[in-house]
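J.: with the sequence up front, the predicted model follows.
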Protein chains: 2
Amino acid sequence: MALGEFELIRRFFTDQPVKHPSTMLGVGDDCALLHVDGSQALAITTDTMVEGIHFLPDVDPEALGHKVLAVNLSDLAAMGAEPRWVTLALTLPHCDTTWLQNFAKGFFALAKRYGVELIGGDTTRGPLTITVQALGLTPRNGALWRSGACPGDLIYLTGELGAAGLGLKIRQGRTAIEDRTAIAHLERPEPRVDVGMKLRGLASSCIDVSDGLAADLGHILEASGVGAALDWERLPLPNRVRRYARETGDWRMPLSAGDDYELCFTVPPANRDQLERSLATSGVALALIGRIEPHTGLRLFKDGQSIDLSQDGYQHFSRD
Amino acid sequence: MALGEFELIRRFFTDQPVKHPSTMLGVGDDCALLHVDGSQALAITTDTMVEGIHFLPDVDPEALGHKVLAVNLSDLAAMGAEPRWVTLALTLPHCDTTWLQNFAKGFFALAKRYGVELIGGDTTRGPLTITVQALGLTPRNGALWRSGACPGDLIYLTGELGAAGLGLKIRQGRTAIEDRTAIAHLERPEPRVDVGMKLRGLASSCIDVSDGLAADLGHILEASGVGAALDWERLPLPNRVRRYARETGDWRMPLSAGDDYELCFTVPPANRDQLERSLATSGVALALIGRIEPHTGLRLFKDGQSIDLSQDGYQHFSRD
């Protein structure tokens, strides 16, 4: 690799579309400097994606640039935070300018859409690994925690369930079903930022479904000290996911597959009407999938039976 | 790897020594939530370390835990920021509990010393890669930028130069010199946090020497639109580094080797007395090594000659 290519890489990330007045100093010094108003809370999240674990080696770099940012914005959405800043730590095996250009294109297209400014990062040589850290703002006491769900609260889910899981099975060649929408869900998830912000003051808890509905709703239940019952008939499963579940008998897939990046949240019955009105114009489908109960555990009602789902989920270190 | 080891890993990073009242929500939700006073600026930096690039595979995990945090605190120090929070993105090839325990020990020992609270992170499987993001606070207009150096300003350096570079040559078996202090400089650098905070209002610019003095001072010169002259005789070279330079003829090593993590800063002559008084009790050695000049470029005066150093430095992508 020739001298100066490190600088070339930096150049792909210099011309960025967003600049906030509250950014006192962006890329280019030892640190970035930000001004945060004392009436706000600063929300911070970080996610790493590794080649061979979170994406396949032949992934479209533009889609990858989109996804590494999207998964972090999804965490901000789950707090009800408005995205503001991001840092990017990029470990690359070599300097492939076409790849980098496309990666940056996907990254900045999404950043622009949500007003996210890149304020720093690090580029190093090594196995392809990408760590993004996203920062956003909420009113000081307006964030959505996992711990506020109460018995009787309604459980909602945005969008569809299991599409990304089906997309992964297709990419892995493990099903004959063809479905471009499912692949798009897997590779270009849409963070539910606008929905998250509208949930402030209405939802009692919220999480993004990155590790599967059963596992992620389980985190809400654990943090809130409650249980829940889900209704299979109400789950927003796309037709091809229903077909997959029927043909294979693997009905757990949409509940345990990760990567959907939808929001799962709970709402006190008194807020139901206001919530449904508020989200009616969001362009995002909304499904009422169950209810919070006082006794712990996660149950699914399916075909007249109650099935315990408490053990379902995803563990990064339990797959081999 | 057995089920639940992912949880085991998280456990090593749960019992942490520091908690700040301004942390509204720490590890365990979609995001951490922080409160930042509007009179302050929030400084953010991120650094990645990759096995085989930034450290050897047989590195002591306790030293590695120290170093990944130290290099980020060093960036905060270079802004004059007081360290406050940190996130840790850890990519691990497998779950080695002894290794993790020692890594966490080194990480938290340094975190405790500087009052740094771990507020989030991500643990994934993959080639050993560690990305740390550190956040600190300065008075709103009190941060040290790279861009403030003016002709006539004095150039200072903390500590010693070239010790870490010599330590690397020893670890690589490329010199017969033995020097435990040099290895300690390489593997357990001490971030100059207290010095950085004392430079507020006194220094006109500051940077930490992570990529070599020539390259890093070069960043100050570029950002400030000035040049500089250094005096070889004034460089704080430890005896064994002088001996190495004399025996090998490689006198550029201490100027181009990275990993020293000392602060290089510029001071207007009018602030000189106050600065030297202020740092006299810091326990950190201080060397006046040169002066900022109006014409661009970096020159070294050595043995009666003026040598152009403008091309020296370190590039992550230019080593093969």
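T.: Good, I have the coordinates.

J.: okay, now the closest residue to chain B within the stretch 101-250 of chain A: neighbour count?
T.: The stretch 101-250 of chain A approaches chain B most closely through A:Gly126 (3.4 Å), counting by CB to the nearest CB. (Each C-beta comes from the backbone N, C-alpha and C, glycine too.) Neighbourhood size, A:Gly126 [other CB atoms under 10 Å in any protein chain shown]: 21.

J.: for it, which non-adjacent residue is spatially closest?
T.: In this structure, A:Gly126 finds its nearest non-sequential neighbour in B:Val50, 3.4 Å apart by CB to CB, 6 or more residues apart in numbering or on different chains.

J.: so the residue of the stretch 101-250 of chain A closest to chain B makes contact with A:Ala89?
T.: No. Assessed by CB atoms under 8 Å, A:Gly126 is found out of contact with A:Ala89, at 10.8 Å.

J.: need the residues touching each of the two.
T.: Residues touching both A:Gly126 and A:Ala89 by CB atoms under 8 Å, 6 or more residues apart in numbering or on different chains: B:Thr48.

J.: which ones are touching the residue of the stretch 101-250 of chain A closest to chain B?
T.: A:91-93, B:48, B:50-53, B:127, B:129.

J.: these, buried ones only, as a ChimeraX selection?
T.: To isolate the buried members of those in ChimeraX, using 16 or more other CB atoms under 10 Å in any protein chain shown:
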select /A:91,92 /B:48,50,51,53,127,129
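
J.: stretch A:143-161 close to chain B?
T.: Yes. Judged by CB under 8 Å from any CB of the partner chain, stretch A:143-161 comes into contact with chain B at A:143, A:145-147.

J.: chain center to that stretch, what's the gap?
T.: Taking CA atoms, centre = their mean, to the nearest Å, one finds the center of stretch A:143-161 at 15 Å from the center of the full chain.

J.: could you dump the residues of stretch A:143-161 next to chain B to CSV with secondary structure and pLDDT?
T.: CSV is the format used below for these (DSSP: H, G, I helix; E, B strand; the rest coil; pLDDT from 0 to 100):
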residue, secondary structure, pLDDT
A:Ala143, coil, 95
A:Trp145, coil, 94
A:Arg146, coil, 94
A:Ser147, coil, 94
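
J.: show me which of those residues is closest to B:Ser282.
T.: A:Ala143 (39.5 Å; CB to CB).

J.: pretty sure the closest one sits against B:Asp30.
T.: No. Judged on CB under 8 Å, A:Ala143 makes no contact with B:Asp30 at a distance of 9.5 Å.

J.: between the two, which has more neighbouring residues?
T.: Between A:Ala143 and B:Asp30, B:Asp30 has the larger neighbour count (other CB under 10 Å), namely 28 against 25.

J.: if I've got this straight, that one is in a helix?
T.: No. Checked against DSSP: H, G, I helix; E, B strand; the rest coil, B:Asp30 lies outside a helix; its state is coil.

J.: what sits against it?
T.: B:Asp30 makes contact with A:45, A:75-76, A:78-79, A:146, A:206-208, according to CB under 8 Å, 6+ apart.

J.: out of those, who has the most neighbours?
T.: A:Ala78 (35 neighbours).

J.: surely A:Leu137 is in contact with A:Ala43?
T.: Yes. Using CB under 8 Å, A:Leu137 is in contact with A:Ala43, at 7.0 Å.

J.: now the common contact residues for the two.
T.: Common neighbours of A:Leu137 and A:Ala43 (criterion: CB under 8 Å, 6+ apart): A:Ala81.

J.: these two - which one has more neighbours?
T.: A:Ala43 (30 against 21).

J.: tell me the secondary structure for that one?
T.: strand.

J.: coming back round to it: and the pLDDT for the residue of the stretch 101-250 of chain A closest to chain B?
T.: Per-residue confidence at A:Gly126 stands at 92 (pLDDT).

J.: buried ones in stretch A:54-63?
T.: Neighbour-count burial for stretch A:54-63 flags A:54-55, A:59-63 (criterion: 16+ other CB under 10 Å).

J.: on that earlier part again, just put the contacts of B:Asp30 in CSV and tack on secondary structure and distance to A:Arg174.
T.: Below are those laid out as CSV (DSSP: H, G, I helix; E, B strand; the rest coil; distance: CB to CB, whole Å):
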residue, secondary structure, distance to A:Arg174
A:Thr45, strand, 31
A:Asp75, helix, 28
A:Leu76, helix, 32
A:Ala78, helix, 29
A:Met79, coil, 34
A:Arg146, coil, 32
A:Cys206, strand, 32
A:Ile207, strand, 27
A:Asp208, strand, 25
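
J.: quick check, nearest of the residues you listed to B:Val116?
T.: Of all those, A:Thr45 has the smallest distance to B:Val116: 18.2 Å, by CB to CB.

J.: for A:Gly152, give me its contacts.
T.: A:268-269, A:291-292 are the contacts of A:Gly152 under CB under 8 Å, 6+ apart.

J.: these in strands, which ones?
T.: A:291-292 (DSSP state E).

J.: who wins for most neighbours among the contacts of A:Gly152?
T.: Comparing the contacts of A:Gly152 by number of neighbours (other CB under 10 Å), A:Ile292 comes first, having 24 neighbours.

J.: please name the nearest non-neighbouring residue to it.
T.: Distances taken as CB to CB, 6+ apart place A:Asp153 nearest to A:Ile292, at 4.2 Å, with adjacent residues excluded.

J.: count the residues that sit near the closest residue to A:Thr248 other than its chain neighbours.
T.: For A:Thr248, ignoring the flanking residues on the chain, the nearest one in space by CB to CB, 6+ apart is A:Thr175 at 7.5 Å. Residues lying near A:Thr175 (other CB under 10 Å) number 20.

J.: over to A:Thr175: give its phi and psi.
T.: Dihedral angles of A:Thr175 (phi, psi; degrees, to the nearest 10) stand at phi -150, psi 150.

J.: over to A:Arg234?
T.: Taking degrees, to the nearest 10 as the convention, A:Arg234 sits at phi -90, psi -10.

J.: what residues does it make contact with?
T.: Counting by CB under 8 Å, 6+ apart, A:Arg234 makes contact with A:287-290.

J.: closest one of those to chain B?
T.: A:Ile289 (19.2 Å).

J.: near chain B, which residues of the stretch 101-250 of chain A are found?
T.: A:119-127, A:129, A:131, A:133, A:135-136, A:138, A:140, A:143, A:145-147, A:206-208, A:223.

J.: low-scoring stretches of the stretch 151-300 of chain A, by residue?
T.: Across the stretch 151-300 of chain A, nothing is flagged by pLDDT under 70.

J.: can you pull out the strands in it?
T.: Per DSSP state E, counting those that start in this stretch, the stretch 151-300 of chain A carries strands over the ranges A:154-158, A:205-209, A:227-231, A:262-267, A:286-293, A:297-302.

J.: please apply the same query to the stretch 1-150 of chain A.
T.: With DSSP E, counting those that start in this stretch as the criterion, the stretch 1-150 of chain A has strands at A:23-25, A:32-34, A:40-50, A:82-92, A:117-125, A:129-139.

J.: need these in a markdown table (columns: distance to A:Ser278).
T.: Converted to a markdown table, the strands of the stretch 1-150 of chain A look like this (distance: least, CB to CB, whole Å):
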| stretch | distance to A:Ser278 |
| --- | --- |
| strand A:23-25 | 30 |
| strand A:32-34 | 30 |
| strand A:40-50 | 21 |
| strand A:82-92 | 16 |
| strand A:117-125 | 28 |
| strand A:129-139 | 16 |
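
J.: ok, back up a step: of all the contacts of B:Asp30, which two lie farthest apart?
T.: Applying CB to CB across the contacts of B:Asp30, the maximum distance is between A:Leu76 and A:Arg146, 14.3 Å.
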